[in-house]
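**Q** this one's sequence-less:
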């Protein structure tokens, strides 16, 4: 012990560089342990905290407080996917029109919306709305010692605060993502048929031809995985927030930054695992 103290005093910069990877692995261990506790507590939360889960489902879908005025996560995610679907139609129609195959805009809508656009945009919307709100809520409870009060009352704080949010998120993500996918399809069709004047029958032909139901199922799986990772990340940063109100703001920023990276990483990994080098479709004239 004395030797280590002497080394730290003599070579502080060297010891600091050595401690960095050790601390990094320690943080990974903390994350893993917290995630395991949160996921393991979902059965207990589903049985004993049903009323809290119902309240959280309403908060995820329609928002709470002032967010309820604009519809919460449903409206935000819906608007984002609506705009993304319209942008895809605009870019696809103009780009394909340059080579005379603008009829294939329906193919782009069925292919890119399902595999890339809708999952990524929905994940970003979930992280920016409910995820950031969860981090702020748990962070405020931590700095106000409300989490410690739950422990003193014999209530399991991880199950009550974290596992309930995971269960609520898993229940709410299916209708939420269904709305997102439908709105992305509607936006692409409206932009192509109404604004650009393409034949509705032509658009529907290529859209229905290349819309693979299996891709929709994989897309829903991708959305569920993104929702789980987003909720775990945001609850972790909120649960262990420190430093007062400014520390809660820092925790929200770190959680959003991390979850955005995870969203695109999950999209990449799912695409590699499911599709790989084979796109599961054949385009021939």
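**A** Received, thanks. The structure presented is a predicted model; accordingly, all values stated were derived computationally and were not measured. Numbers count the residues shown, from 1 in each chain.

**Q** what helices or strands is the host helix or strand of residue 76 leaning on?
**A** Counting by DSSP states H and E, the element that carries residue 76 is helix 72-97. Contacts defined by 3 or more C-beta pairs under 8 Å, 6 or more residues apart in numbering; DSSP states H and E place helix 72-97 against helix 50-62, helix 105-112, helix 118-126, helix 164-189. No exception for glycine: its C-beta is placed from N, CA and C like everyone else's.

**Q** Any buried residues in it, and which?
**A** Buried residues in helix 72-97, counted by 16 or more other C-beta atoms under 10 Å: 72-82, 84-86, 88-90, 92-93, 96.

**Q** Distance from the chain centre to it, please.
**A** Relative to the chain's own centre, helix 72-97 is displaced by 18 Å; criterion: C-alpha atoms, centre = their mean, to the nearest Å.

**Q** Would you mind checking the average pLDDT for it?
**A** For helix 72-97, the mean per-residue pLDDT is 85.

**Q** tell me the angle it makes with helix 50-62.
**A** Calculated by axes from the mean of the first three to the mean of the last three C-alpha atoms, to 10 degrees, helix 72-97 forms an angle of 40 degrees with helix 50-62.

**Q** Mind listing what's buried along the longest helix that the chain contains?
**A** In the chain, taking DSSP state H as the definition, the longest helix is helix 244-274. Residues of helix 244-274 classed as buried by neighbour count (16+ other C-beta under 10 Å): 248, 251-252, 254-256, 258-260, 262-263, 266-267, 270-271, 274.

**Q** for stretch 28-37, same thing?
**A** Buried residues in stretch 28-37 (16+ other C-beta under 10 Å): 31, 34, 35.

**Q** if I pick the last one, what's in contact with it?
**A** Right, residue 35. Counting by C-beta atoms under 8 Å, 6 or more residues apart in numbering, residue 35 makes contact with 232, 236.

**Q** The first one too?
**A** With contacts defined as C-beta under 8 Å, 6+ apart, the neighbours of residue 31 are residue 236.

**Q** Now the host helix or strand of it: average pLDDT?
**A** Per DSSP H and E, residue 31 falls inside helix 12-40. Mean pLDDT, helix 12-40: 73.

**Q** before we move on, what about stretch 216-226?
**A** Mean predicted confidence for stretch 216-226 is 89.

**Q** can you tell me the distance between the two ends of stretch 38-57?
**A** 17 Å (C-alpha to C-alpha, to the nearest Å).

**Q** List the contacts of that stretch.
**A** With C-beta under 8 Å, 6+ apart as the criterion, stretch 38-57 contacts 156, 158-160, 162-169, 171-172, 232, 235.

**Q** Hmm, residue 123 and residue 81 touching each other?
**A** No: using C-beta atoms under 8 Å as the test, residue 81 is too far from residue 123 to be in contact (10.8 Å).

**Q** Test my guess that residue 168 contacts residue 60.
**A** Yes: using C-beta under 8 Å, residue 168 is in contact with residue 60, at 5.9 Å.

**Q** can you redo the buried residues of stretch 28-37 as JSON lines with distance to residue 102?
**A** JSON lines is the format used below for these (distance: C-beta to C-beta, whole Å):
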{"residue": "31", "distance to residue 102": "48"}
{"residue": "34", "distance to residue 102": "50"}
{"residue": "35", "distance to residue 102": "47"}
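
**Q** I'd say residue 188 and residue 85 touch.
**A** Yes: between residue 188 and residue 85 there is a contact at 4.4 Å, judged by C-beta under 8 Å.
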